[in-house]
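Asks: what's the 3D shape of this:
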Amino acid sequence: MIYSAWIRQLQSLTIVLFTFIISGQTDVPRPRGVSLSKASLYSPTKDFTCFDGTSTIPFSYVNDDYCDCFDGSDEPGTSACLNGVFYCTNAGHRPQNIPSSRVNDGICDCCDGTDEYATPGTCSNVCEELGREARAKAQQLADLHKAGNHLRLELIEKGNKKRSEMAVQLSQLEKDKAEAELIKSEKEALKNELEAKENEALQVYRDAEEKERQRNAEIERQQREKEAREHFDKYDVNSDGTLTIDEIQKALIFDRNKDGEVDQEDILHFFGDKDSVNLEYFISTTWPMLKPLFMTNQGLFQPAVNEEEAEEPEVDEEEEAARDTEDVGGDDDDNIDEIPHDHTDDHDIEPDQSGKYDEETQKLIDEATEARRQLTDAERTVREIESNMRTFQQNLEKDYGPQQEYATLDGQCLEYEDKEYIYKLCLFQKVTQKSKNGGMEVGLGEWGEWAGEEGKKYSVMKYTNGLACWNGPHRMSTVNLNCGLESKLTSVTEPFRCEYKIEFTTPAACDDSNLAQQETSHDEL
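Replies: As a prediction, the model looks like this:
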């Protein structure tokens, strides 16, 4: 045990010495795999405390290829801890952090090759070359952002101008609405006044029409009673004021199915459970059921028939007339002259509407009609103003970016085509997809919100609640905004079912301050 501990301490001292020799190229000595910002946490003059504070170990245990800290902070320069972090200095290029599990795995992760120190010569230091390329790309990006930022400033100016104009227009619409509602109230009052006069004048005509209707109804009732009484007297052979079963069996008009006799079913139909009926019952109940048969026999009423019945051979009119004579008992007095001349009893007699109103009444009608039209126009004007106000209010409430740089893009539609589809993005409105082979447009989402991560809120747009996929969720689209000198779609993909990813370049995304922040950020933990 003592011998093993001594060997481990000797190895640790050797590794630490080697580590500080390697790191001697910097002004601040630090163990291998440690960034300059964390060098003060690794002091060889005192024991090392794990970053999570769970334990303190002799400094000789740091980078001894044995994991003593749960957070892996004691082994930044070896692969002993799965959760350790190795810092690549990468002089001449960007520094980076890699999992310490990649240290000495035979793969060059750091451009300066420091992660493969166990096998010198395995990795070449290509940081200078990569740095030149990165700086060239960074310069191109900076130039792009600089040029795009000039366009962005123009968009900001236009966006704020548009917002100011919308506020002015909304204010004007509020005034227009107040005036339109006042006009509407005036038109409504005028309409009510003229309609009252119109109704008063028309009431005379309505009263006259009602009297005419009642008069005609009374005439009809008297005609029906007269007609019924005449037929009652005809079938009441003994004139005793009562119509019996024996009497109607002699009149074949009561034979509904034309089988040559008035059977019990016919009697039950016309008399119910009575043995005889008086004139009053005949007028109110029996005659309304008998009259259609009578009119049919006289050829004055043709009941609806189906196609099969329509194909039956027609009956000769003379034979039909002769049979009708027999139906009423064969008496000489029973002839067709007894048929009433007016056969419009079953139709409502409407008052004559073809006559003109007097000049004064017609003038009132015309004035009231014009007042109703003007009120309708006034109401439509108020609705249109309210609709426009809602549109302006919604646009003023929209988030068009921190400086209104996206305001002028609202409603602008851009298209992107691939082999199968045409995609259309209408900014702040919707995303659609249409097959090149035709068919309907498919909604891929309606404008939802800005969805960029913290600090980059305006880098991502989200469009949600599109058309539902078959047996799946509603479609949605994510739009990534990138700096570009023109607004256009550069790609559309579907990384997940019913979820679409759109790359969109626009000068509105060319913010110099964001670029400077990205260039000064360090990839450190």
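Asks: Could you tell me how far the helix or strand harbouring residue 218 lies from the centre of the chain?
Replies: For residue 218, the host element (DSSP states H and E) is helix 127-235. Its chain's average C-alpha position is 20 Å from that of helix 127-235, according to C-alpha atoms, centre = their mean, to the nearest Å.
Asks: Tell me the helices and strands packed up against that helix.
Replies: helix 287-297, helix 359-397, strand 476-483, helix 512-520 (3 or more C-beta pairs under 8 Å, 6 or more residues apart in numbering; DSSP states H and E). To be clear about C-beta, it is placed using only N, CA and C from the backbone, and glycine gets the same treatment.
Asks: TSV please, covering these and showing mean neighbour count, mean pLDDT and distance to residue 497.
Replies: Formatted as TSV, the helices and strands packed on helix 127-235 follow (neighbours: other C-beta atoms under 10 Å; pLDDT from 0 to 100; distance: least, C-beta to C-beta, whole Å):
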stretch	mean neighbour count	mean pLDDT	distance to residue 497
helix 287-297	17	84	69
helix 359-397	15	94	32
strand 476-483	20	96	11
helix 512-520	13	56	33
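Asks: So what are the sheet partners of the helix or strand just after the helix holding residue 218 and their directions?
Replies: Where DSSP H and E defines the elements, the next helix or strand beyond helix 127-235 is strand 242-244. Note on strand 242-244: by DSSP bridges, its sheet partners are strand 276-278 (antiparallel).
Asks: and the next helix or strand after the partner strand, average pLDDT?
Replies: Proceeding N to C from strand 276-278, the next assigned helix or strand is helix 279-281, under DSSP H and E. Helix 279-281 carries an average pLDDT of 90.
Asks: List the buried residues in helix 279-281.
Replies: By neighbour count on 16 or more other C-beta atoms under 10 Å, the buried set for helix 279-281 is 279, 281.
Asks: I would like the residues contacting that helix, please.
Replies: Residues from elsewhere that reach helix 279-281, judged by C-beta atoms under 8 Å, 6 or more residues apart in numbering: 229, 232, 241, 274.
Asks: Which one of those residues is nearest to residue 173?
Replies: Set against residue 173, the nearest of these by C-beta to C-beta is residue 229 (75.2 Å).
Asks: pretty sure the closest one contacts residue 287?
Replies: No: using C-beta atoms under 8 Å as the test, residue 229 is too far from residue 287 to be in contact (9.1 Å).
Asks: now the contacts of helix 279-281 as TSV including pLDDT?
Replies: Below are the contacts of helix 279-281 laid out as TSV (pLDDT from 0 to 100):
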residue	pLDDT
229	89
232	86
241	88
274	85
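Asks: Are any of these buried, and if so which?
Replies: Looks like these have 232, 274 buried, using 16+ other C-beta under 10 Å.
Asks: Among the contacts of helix 279-281, list the two that are farthest apart in space.
Replies: Going by C-beta to C-beta, the pair spanning the contacts of helix 279-281 furthest: 229 and 274, at 18.8 Å.
Asks: Could you measure from residue 85 over to residue 492?
Replies: Computed as C-beta to C-beta, to the nearest Å, the residue 85 to residue 492 distance reads 37 Å.
Asks: returning to what we had before: could I get the contacts of helix 279-281 as TSV with distance to residue 253?
Replies: Shown next, in TSV, are those (distance: C-beta to C-beta, whole Å):
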residue	distance to residue 253
229	16
232	12
241	20
274	18
